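Chemist: Sequence and predicted structure below; questions after.
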Protein chains: 2
Amino acid sequence: MHTAIPALPKGFRFAGVRAGIKHDKTREDVSLIVSDRPATAAGVYTTNLVYAAPVVWDRALTPGSGFRAVAINSGNANACTGQRGLADAEAMAAVTAAEIGAEARSVLVLSTGIIGEFLPMETVTAGLRQAAAALGSDEASVVTAARGMMTTDTRPKLSGSTFTADGTACTLLGLAKGAAMIGPRLATMLGVVLTDAAIDPADAQRLLREAAEETFNCVSVDGHTSTNDTVLLLANGAAGGTTLAGAGLDAFAEALHAACEALACEVADDGEGATHVLRIEVSGCASRDAARQIARAIGDSPLVKTAVHGADPNWGRIVSAAGYSGVAFDPQRLVLHVNGTLLFRDGSPVAFDAEAVSASIKAARETLIEVDIQSGPGRIRFYSSDLTAEYVHLNADYHT
Amino acid sequence: MHTAIPALPKGFRFAGVRAGIKHDKTREDVSLIVSDRPATAAGVYTTNLVYAAPVVWDRALTPGSGFRAVAINSGNANACTGQRGLADAEAMAAVTAAEIGAEARSVLVLSTGIIGEFLPMETVTAGLRQAAAALGSDEASVVTAARGMMTTDTRPKLSGSTFTADGTACTLLGLAKGAAMIGPRLATMLGVVLTDAAIDPADAQRLLREAAEETFNCVSVDGHTSTNDTVLLLANGAAGGTTLAGAGLDAFAEALHAACEALACEVADDGEGATHVLRIEVSGCASRDAARQIARAIGDSPLVKTAVHGADPNWGRIVSAAGYSGVAFDPQRLVLHVNGTLLFRDGSPVAFDAEAVSASIKAARETLIEVDIQSGPGRIRFYSSDLTAEYVHLNADYHT
């Protein structure tokens, strides 16, 4: 099961294979995305001081042009692996480059999985070669490639659209993985967005950063910022037409934002053990950053997350989380709605039908939490997941 | 079961009664602590912008002198209750004052429990009167008073000591409650520390703040900073002697710190659903605050907390939590030990016996996580609890 995609961008090929990195040998763990022509690439990366070897490699190369491929493995993050890890990341690029007849510096690398173990390079190398031989440009290939990025995700995450820019029909496709170690202070998780539009590297970087700021940076599963979080954008111009500018660039930006938003929501929805996704809309703040800080405090609170899991309209947990967010505001002005029902305003409880609100939480996958501070234009939409016993089992009982 | 206390401070009486605020009518929910003579009082309070009515009352009165009692209820936090809540907190003080022949302003108030419901004042008033009639100065009375502060705590939390200050034999006793909504940015939880030493209000305030900074402010169960967190210090001088100064004050400060540390550790140990307490010692930082920020990121990470619960020495979760703490440091200098075993240094994995470390985590209630940044004199000791399915059940399935 995955989000429907209307079409594939031209000039990209995909593969995912079962190389044997993961303990479960029935699952894909190496993926390859190849652009048949040199592509512009931009990237946004984890803000964690402890960042993985593939982040070092990609960050040094982007934004730029002339990129031909993204080599991906799951099951091992190649993080906290020192000089040997850096050599392994470069080797992933070199092996892929040799397979497709390109230079190592034209290949970006993504890894996700356990931190602190060295990559099994024989297995990875064999997997990349196998993937290079299996490249396809049909939807099945895309889905298999997306599966090769997954760790504890229950499903591949895809989002795409078509748009007309400067008179050219273009297509955009995003692939992402999420599940856990999803914190909100960065481009959270692994994501690759592909388009056949022609875009200048500086524009690509600026638009990707803007889109990530309001989408991937507004997702939290457990508040734990990973060492590997990376979102890449590749634009290969295969749709034809000239490099986008003005209104054409605006059309692309809109499609990019929509794809990133859909993927970010999917990441929260598929959070480890999640039974609910929390859509937290904070408005009336002095700034967008202030709104996000309040939303993050609410979305990261284990007490709010368990209350939603239990369909308990325990609004004191929401109001008090806003109160310790670090944003200065007047609690008397705070207005809280849950699933459209007013629960708190003017510093005092409001009479409401708790049974009905509880039933509305139980009835839907998404719980809408709206907080209005009534003090400014700053607003944000933030996604989180509920906290369940299954999250605990997944993270206490398995070495991931 | 509770921590042994060597003696009771002179001139204090205690009671706890079953008033009927809690759903479970077999549990104490109103407590009273009375000082037979006017006492100095100091307080440290929640940093949450959304703070409860009793916090408003106490904060306005402390530090100061002439205090006679602390009136306490559990089962209802009297938070987010507007003007009526403020009137209710004052009424708790007034009812107590009338019972003991004092003024309302000589009575401090503590409440804990559900946020956003008005106090059932008839029940509370009856409970306070019943408590005033039941006051005793034996250990059983103290334990019952400590039980009346509890919410989901599994046991009362007491700590005490005797010390000689300026030639006078003095006694100190602390009572606390914890369990959940325990965040680290404040005097976390409810606590009352009593002593029969004579102390000036300004000294009491300064020493309580210093002690709280390194003890209650270094505890986290779920990172959720409550609306009600309060620690009060009452010093009634009943031990005799003059107001403490110099070496006598130092002796008191030492006893105060030890009691606060013992209570803080108890709060983490009795965290909701906890099977392990995490003792996180961060050293080598530029400052104590930086060390605490790193320790808090580690102690609040659901991934670290579940790893300890699962006895999984998954050190990448610890190192990466330090990396997103917001403190700038060089990951190459980070040295990590868990239960005395070296797991990470020089930016690379270290060969270690994972089975043995896992066994050591399983074997003990406390897991010791030591992080040395090797860049300065700043250090802190921080307590957290593991994250279990039982925490989720407690917070998802009950309206607390």
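Modeler: Noted; the coordinates are in hand.
Chemist: from here on, contacts and neighbour counts on C-alpha atoms
Modeler: OK.
Chemist: Quick check: closest non-adjacent residue to A:Asn76.
Modeler: A:Gly113 (4.0 Å; Cα to Cα, 6 or more residues apart in numbering or on different chains).
Chemist: Could you verify that that neighbour is part of a strand?
Modeler: Yes - read with DSSP: H, G, I helix; E, B strand; the rest coil, A:Gly113 is one of the residues of a strand.
Chemist: Neighbours of it, how many?
Modeler: 22 (other Cα atoms under 10 Å in any protein chain shown).
Chemist: Can you pull the residues of the stretch 251-400 of chain A lying near chain B?
Modeler: Contacts of the stretch 251-400 of chain A with chain B, taken as Cα under 8 Å from any Cα of the partner chain, map to A:301-303, A:306-312, A:314-317, A:319-321, A:323-324, A:328-331, A:346-349, A:387-390, A:392-393, A:395-399.
Chemist: ok, A:Ala264 - contacts?
Modeler: Residues near A:Ala264 by Cα atoms under 8 Å, 6 or more residues apart in numbering or on different chains: A:215-216, A:218-219, A:383.
Chemist: hmm, 7 Å instead?
Modeler: By Cα atoms under 7 Å, 6 or more residues apart in numbering or on different chains, the contact list for A:Ala264 reads A:215-216, A:219.
Chemist: With A:Asn48 instead?
Modeler: So A:Asn48 contacts A:225-227, B:323-324 (Cα under 7 Å, 6+ apart).
Chemist: As PDB, could you dump the C-alpha coordinates of the helix ranked longest in chain A?
Modeler: Secondary structure assigned by DSSP state H gives helix A:246-269 as the longest helix of chain A. Extracted in PDB, the C-alpha atoms of helix A:246-269 (Å, rounded to 0.1, in the frame of the first residue of the first chain):
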ATOM      1  CA  GLY A 246       9.700  33.200 -12.400                       C
ATOM      2  CA  ALA A 247       6.300  31.600 -12.700                       C
ATOM      3  CA  GLY A 248       7.700  28.300 -13.800                       C
ATOM      4  CA  LEU A 249       9.800  28.100 -10.600                       C
ATOM      5  CA  ASP A 250       6.700  29.000  -8.600                       C
ATOM      6  CA  ALA A 251       4.800  26.100 -10.100                       C
ATOM      7  CA  PHE A 252       7.600  23.800  -9.300                       C
ATOM      8  CA  ALA A 253       7.800  25.100  -5.700                       C
ATOM      9  CA  GLU A 254       4.100  24.400  -5.200                       C
ATOM     10  CA  ALA A 255       4.500  20.900  -6.400                       C
ATOM     11  CA  LEU A 256       7.600  20.400  -4.300                       C
ATOM     12  CA  HIS A 257       5.800  21.700  -1.200                       C
ATOM     13  CA  ALA A 258       2.800  19.400  -1.800                       C
ATOM     14  CA  ALA A 259       5.000  16.300  -2.200                       C
ATOM     15  CA  CYS A 260       7.100  17.100   0.900                       C
ATOM     16  CA  GLU A 261       4.000  17.700   2.900                       C
ATOM     17  CA  ALA A 262       2.400  14.400   1.800                       C
ATOM     18  CA  LEU A 263       5.600  12.500   2.700                       C
ATOM     19  CA  ALA A 264       6.000  14.300   6.000                       C
ATOM     20  CA  CYS A 265       2.500  13.400   7.000                       C
ATOM     21  CA  GLU A 266       3.100   9.800   5.900                       C
ATOM     22  CA  VAL A 267       6.200   9.700   8.100                       C
ATOM     23  CA  ALA A 268       4.200  10.700  11.200                       C
ATOM     24  CA  ASP A 269       1.300   8.400  10.200                       C
END
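Chemist: buried stuff in that helix?
Modeler: By 16 or more other Cα atoms under 10 Å in any protein chain shown, the buried positions in helix A:246-269 come out as A:248-249, A:251-253, A:255-269.
Chemist: could you point out where chain A is predicted with low confidence?
Modeler: A:1-4, A:179-188, A:221-225, A:398-400 (pLDDT under 70).
Chemist: before we move on, what SS does the residue lying farthest from the centre of it have?
Modeler: Of all residues in chain A, A:Ala351 has its C-alpha farthest from the mean position, at 38.7 Å, by Cα atoms, centre = their mean. What three-state DSSP gives for A:Ala351 is coil.
Chemist: Name the nearest residue to it, sequence neighbours excluded.
Modeler: A:Leu343 (7.4 Å).
Chemist: my guess is A:Ile294 meets A:Ser320, correct?
Modeler: No - with contact defined as Cα atoms under 7 Å, A:Ile294 does not count as touching A:Ser320 (10.4 Å).
Chemist: gap between the closest residue to A:Thr215 other than its chain neighbours and A:Leu387?
Modeler: Nearest non-adjacent residue to A:Thr215, counting by Cα to Cα, 6+ apart: A:Glu261, 5.0 Å away. Going from A:Glu261 to A:Leu387 by Cα to Cα, to the nearest Å gives 22 Å.
Chemist: mind listing the helices for the stretch 251-400 of chain A?
Modeler: A:288-300, A:302-309, A:315-323, A:354-363, A:389-396 (DSSP state H, counting those that start in this stretch).
Chemist: and the longest one with helix A:315-323, angle?
Modeler: Taking axes from the mean of the first three to the mean of the last three Cα atoms, to 10 degrees, helix A:288-300 and helix A:315-323 form an angle of 140 degrees between their directions.
Chemist: In CSV: the helices of the stretch 251-400 of chain A, plus mean neighbour count and distance to A:Leu194.
Modeler: Listed next are the helices of the stretch 251-400 of chain A as CSV, based on neighbours: other Cα atoms under 10 Å in any protein chain shown; distance: least, Cα to Cα, whole Å:
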stretch, mean neighbour count, distance to A:Leu194
helix A:288-300, 26, 27
helix A:302-309, 28, 34
helix A:315-323, 26, 37
helix A:354-363, 16, 36
helix A:389-396, 22, 32
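Chemist: how about the ones you listed, which one is nearest B:Pro120?
Modeler: helix A:315-323 (17.7 Å; Cα to Cα).
Chemist: so how far is the closest one from its chain's centroid?
Modeler: 27 Å (Cα atoms, centre = their mean, to the nearest Å).
Chemist: Likewise for stretch A:5-25?
Modeler: Taking mean C-alpha positions (Cα atoms, centre = their mean), stretch A:5-25 and its chain are 17 Å apart.
Chemist: Mind listing what's buried along that stretch?
Modeler: A:8-22.
Chemist: Scan the contacts of A:Asn48 and report the most crowded one.
Modeler: Going by other Cα under 10 Å, A:Ser226 tops the contacts of A:Asn48 with 36 neighbours.
Chemist: doesn't A:Ile114 make contact with A:Asn76?
Modeler: Yes - with contact defined as Cα under 7 Å, A:Asn76 reaches A:Ile114; the gap is 4.7 Å.
Chemist: Excluding chain neighbours, what is closest to A:Val55?
Modeler: A:Asn228 (6.4 Å).
Chemist: I figured that neighbour was touching A:Leu49, is that so?
Modeler: No - the pair A:Asn228 / A:Leu49 is not scored as a contact, 10.7 Å apart, by Cα under 7 Å.
Chemist: Among the two, which residue is more densely surrounded?
Modeler: Each of A:Asn228 and A:Leu49 has its neighbours counted (other Cα under 10 Å); A:Asn228 has more, 31 against 21.
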